[in-house]
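Q: Using only what follows, build the 3D model:
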Amino acid sequence: MIVAAFIAALLVPWVFAVVIILIASRFRRDRAKRRQDFLTAVGLTVLMGFTTTLNMWMAQHIPHTIDARLWHWDETVRLDPLAVIYFMESHEGLWNFMQVVYYSLPIVMAVAWIKEQNFTLRRAVAIAGIGGWIFSAIFPAVGPHWYLDGYSAATRHCIPSVEWTWALLLGLNARSRLRIPLWIYAALLAIASILISEHYLIDLMLAVPYSIAVQFLAKHCSELVRTPPRQKPHLIAPSEFPSRRA
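A: Got it, this is the predicted structure:
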């Protein structure tokens, strides 16, 4: 019941993001841009519905997680997840601020799209989301907070951190004055992911090469799937036939 409530609360910012895109679209004069806004809103809705359904299925059918190993790895680099949890429990104001930072990601993504309508970013978000679910199925983990509380049925969302991947992709693809604010937000999101115990440090470390790979695919996917044009057979003209000597 608690996990279901958490998933429902997690989807609220995404609903707001879709609504923001659709409202902003009403103020555009360019019909083509309005169409792209609509496609993006639909795409976000489908992506979140698809990944949420798969995550819930995975939580029910893959009961084991690798949280114990990830927890130990954090301890080896002197980042004790338990100490972080106790620290945040005694700093409620910081906890609330980090929660706002973490869960406002969809809103930030919506603002970036409205400002720039970056198609590479849109492809990257989709690729990162689908690929993130695949990696989460291979390396299932629920995060320090859920693992400590014993909620093994929580969503597997750790390796790599898709949230931070999306934040990095926002910065990588920014072409306007939003670039610096987006990079600042990406840094804050990384801190928030650790402080509210949603992720292990290795989740963020693996998100960096994952983001680079996703960005490459998003920029060059059209070239990778494009089939080379067929060459027409060369027809030999009569003048090109070798002449016979008498």
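Q: what mean pLDDT does the lengthiest helix in the chain have?
A: For the chain, the longest helix by residue count, based on DSSP state H, is helix 31-61. Summarised as a single mean, pLDDT over helix 31-61 is 89.
Q: Show me which positions of that helix end up buried.
A: The neighbour-count check on helix 31-61 (16 or more other Cβ atoms under 10 Å) flags 34, 36-37, 40-41, 43-44, 47-48, 51-52, 54-55, 58-59 as buried. Glycine gets a C-beta too; all of them are placed from N, C-alpha and C.
Q: Please apply the same query to stretch 169-186.
A: For stretch 169-186, a neighbour-count test (16+ other Cβ under 10 Å) marks 169-174, 178-179, 181-183, 185-186 as buried.
Q: Looking at these, which one is closest to Y103?
A: Lowest distance from Y103 to the buried residues of stretch 169-186 (Cβ to Cβ) belongs to Y185, with 12.6 Å.
Q: who's in contact with L10?
A: Y103 (Cβ atoms under 8 Å, 6 or more residues apart in numbering).
Q: Is it in a helix, a strand, or coil?
A: Classification of L10 by DSSP: H, G, I helix; E, B strand; the rest coil places it in helix.
Q: and the gap between it and L79?
A: For L10, the distance to L79 equals 24 Å [Cβ to Cβ, to the nearest Å].
Q: Could you do A192 as well?
A: Applying Cβ to Cβ, one obtains 15 Å for the distance of A192 from L79.
Q: Settle it for me: which of the two has more neighbours?
A: A count of neighbours by other Cβ atoms under 10 Å puts A192 above the other of A192 and L79, at 25 against 15.
Q: tell me which strands and helices the strand or helix carrying the more buried one is in contact with?
A: Using DSSP states H and E, A192 maps to helix 179-195. Contacts defined by 3 or more Cβ pairs under 8 Å, 6 or more residues apart in numbering; DSSP states H and E place helix 179-195 against helix 81-89, helix 92-103, helix 105-116, helix 162-173, helix 201-225.
Q: In the last one, which residues are buried?
A: Taking 16+ other Cβ under 10 Å as the neighbour-count basis, helix 201-225 is seen to contain the buried residues L201, I202, D203, L204, M205, L206, A207, Y210, S211, V214, Q215, A218.
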